[in-house]
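Q: Build the 3D model from these lines:
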Amino acid sequence: MTLTALIAFASCTQAASIQDKPKDGNANNLITPDEKVKEIMGDSIAEIIFSPKATVVAYKMSPSESPSDNDRTIGGVKVAKEIGKVSKTYFPIMQFLLSDSTFYTGEILVPAVPFKATMALEFKLKKESVYILYSFGSREIAAVKNGKEVWHRHISDIRKYILFFHNVTRDKDLEFYLKK
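A: Next up, the predicted model:
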């Protein structure tokens, strides 16, 4: 049974990669958000996040420290460290996680735990940037564009995002959230 499932999966994957391959040869844009995600994100943000031409930079945030005038901030939160550019091999995973409307469970009116961004991703396309901030303690994400928070949502399964960041950054501090 398992072998049959694997063969079927391999056949479908191979067929999909041939049939769905874009004309420009770039296979990184096969993951597209559904209409609900576009509604949550807004078309301009979704266009940047799901573009195969975007670059992504990861940041470790310092939510408990008040930023000084000289500190770099994202959405008012101090950047502790620029981790660096995220490899294109991680793009389908990032896009898959952000494209699933079931992850966005809604807005939080009164959160049990305050939003404290632990990690952030900067999606750059041409001269525009969108930042997605992740608060693992409160199980929320927020989008910042042009220095202003655009949306803020509760996430149903924050563990997938924690695992993603743990694999990309190898940050030992994230192991705390994995034990919860």
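Q: list the buried ones in stretch 74-82?
A: Neighbour counts over stretch 74-82 (16 or more other C-beta atoms under 10 Å) mark I74, G75, V77, K78, V79, A80 as buried. All C-beta atoms are positioned from the backbone trio N, CA, C, and that covers glycine.
Q: quick one, strands of this structure?
A: Using DSSP state E, the strands of the chain run over 55-62, 73-74, 77-85, 104-106, 119-125, 128-135, 140-145, 148-155.
Q: can you give me the offset of the second one from its chain's centre?
A: Pointing back at strand 73-74 there. Distance of strand 73-74 from the chain centroid (C-alpha atoms, centre = their mean, to the nearest Å) equals 17 Å.
Q: partners of that strand, with directions?
A: When pairs are called by DSSP bridges, strand 73-74 turns out to pair with strand 77-85 (antiparallel).
Q: One more: the first one?
A: Counting by DSSP bridges, the strands paired with strand 55-62 are strand 77-85 (antiparallel), strand 119-125 (antiparallel).
Q: now those as a markdown table including distance to T32 and mean pLDDT?
A: A markdown table is the format used below for these (distance: least, C-beta to C-beta, whole Å; pLDDT from 0 to 100):
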| stretch | distance to T32 | mean pLDDT |
| --- | --- | --- |
| strand 77-85 | 23 | 93 |
| strand 119-125 | 15 | 96 |
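Q: could those strands be laid out in a markdown table, adding distance to K53?
A: Formatted as a markdown table, the strands paired with strand 55-62 follow (distance: least, C-beta to C-beta, whole Å):
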| stretch | distance to K53 |
| --- | --- |
| strand 77-85 | 14 |
| strand 119-125 | 6 |
